[in-house]
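>>> The amino acid sequence is not available; the structure is as follows:
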């Protein structure tokens, strides 16, 4: 198939949530363009596409040290956004900067530019933020805009989100996974959401949450003969021929890479809170492979027999969204001990072979 056919296949599918893994240069962004065209309806309404924000609508003005906003059909909705709206979305990322909006005189023209300055700088001296910080800011701007009813109501019933985690570290990728799940939960019953990513960790975390997370039941078929609300696929191409495969094995068994990340962090004494979330993913993947539903069983198998329930509760609590957000950063000693003990027991029981570069 070609990309327009793939786009129409997604558009016409009964599932409202598409999670698509594709390596770089496979055609993810081109697929978003084709999907936008395929999703255009007779009223001319279009898909809300995330990639356009990051690549087209924000440009650095290095002379004036500000982020200029390119004119588009979305500018008319900017006046319904405030700095507070975007900062609320930014909070989980713990930004080190503040910012101010500069609007055009005509509200229909929306934002002209955005200036950034360090927190506590009463003089508001402009600074240029890093590429990673810029991507996070633009992602949060997009999230804030999805809550402007006049925009989401007038757009089509689709969001296409193309690789929102480029230039982010693992910690911020995990937070972004939470924000994506929140977006899915809010909109999946009324809109189709297509998420593409080249990041194998993000694909696996979202896949696990959709298929067997604590809220997975809401995404599954309710009656016999119905389909699940989600579909997990891999986009592959060979000589300009594309395939949207439903096979999970080639991408979602990434446990060796995650174990390598954990091993490196332990050896370098650089453990952070998000590493506990990665450990939980490993435990859940092993539990799934063994045909059991809960990772407490794996803890029992690796010697934590009497305390497996308590250990599972601790890992559950420390990776829950409401706890995880404010605890971002360096891990406290007691939690380090838990992670290291479980990691060493896993390695001793299953003899994984890690090849650190």
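Done, it's in. Keep in mind it's a predicted model, so treat the numbers as computed, not measured.

>>> show me where the protein has strands.
For the chain, the strands defined by DSSP state E occupy 17-21, 48-49, 58-61, 66-69, 97-103, 111-118, 158-162, 192-197, 230-238, 241-245.

>>> Can you list the low-confidence ranges for the stretch 251-357 of the chain?
251-254, 293, 306, 320-329, 355-357 (pLDDT under 70).

>>> JSON lines for the strands of the chain, including distance to residue 300 and mean neighbour count?
Backbone N, C-alpha and C define where each C-beta goes, glycine included. Formatted as JSON lines, these follow (distance: least, C-beta to C-beta, whole Å; neighbours: other C-beta atoms under 10 Å):
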{"stretch": "strand 17-21", "distance to residue 300": "31", "mean neighbour count": "23"}
{"stretch": "strand 48-49", "distance to residue 300": "45", "mean neighbour count": "24"}
{"stretch": "strand 58-61", "distance to residue 300": "50", "mean neighbour count": "15"}
{"stretch": "strand 66-69", "distance to residue 300": "52", "mean neighbour count": "20"}
{"stretch": "strand 97-103", "distance to residue 300": "46", "mean neighbour count": "15"}
{"stretch": "strand 111-118", "distance to residue 300": "49", "mean neighbour count": "18"}
{"stretch": "strand 158-162", "distance to residue 300": "38", "mean neighbour count": "24"}
{"stretch": "strand 192-197", "distance to residue 300": "33", "mean neighbour count": "24"}
{"stretch": "strand 230-238", "distance to residue 300": "29", "mean neighbour count": "19"}
{"stretch": "strand 241-245", "distance to residue 300": "35", "mean neighbour count": "15"}
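
>>> how about those strands in TSV, adding mean pLDDT and distance to residue 314?
Putting the strands of the chain into TSV (pLDDT from 0 to 100; distance: least, C-beta to C-beta, whole Å) gives the following:
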stretch	mean pLDDT	distance to residue 314
strand 17-21	93	29
strand 48-49	64	39
strand 58-61	94	41
strand 66-69	96	42
strand 97-103	96	34
strand 111-118	96	37
strand 158-162	88	33
strand 192-197	92	29
strand 230-238	87	29
strand 241-245	85	37
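
>>> can you list those strands in CSV and add distance to residue 346?
Formatted as CSV, the strands of the chain follow (distance: least, C-beta to C-beta, whole Å):
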stretch, distance to residue 346
strand 17-21, 25
strand 48-49, 40
strand 58-61, 43
strand 66-69, 44
strand 97-103, 39
strand 111-118, 42
strand 158-162, 33
strand 192-197, 26
strand 230-238, 25
strand 241-245, 30
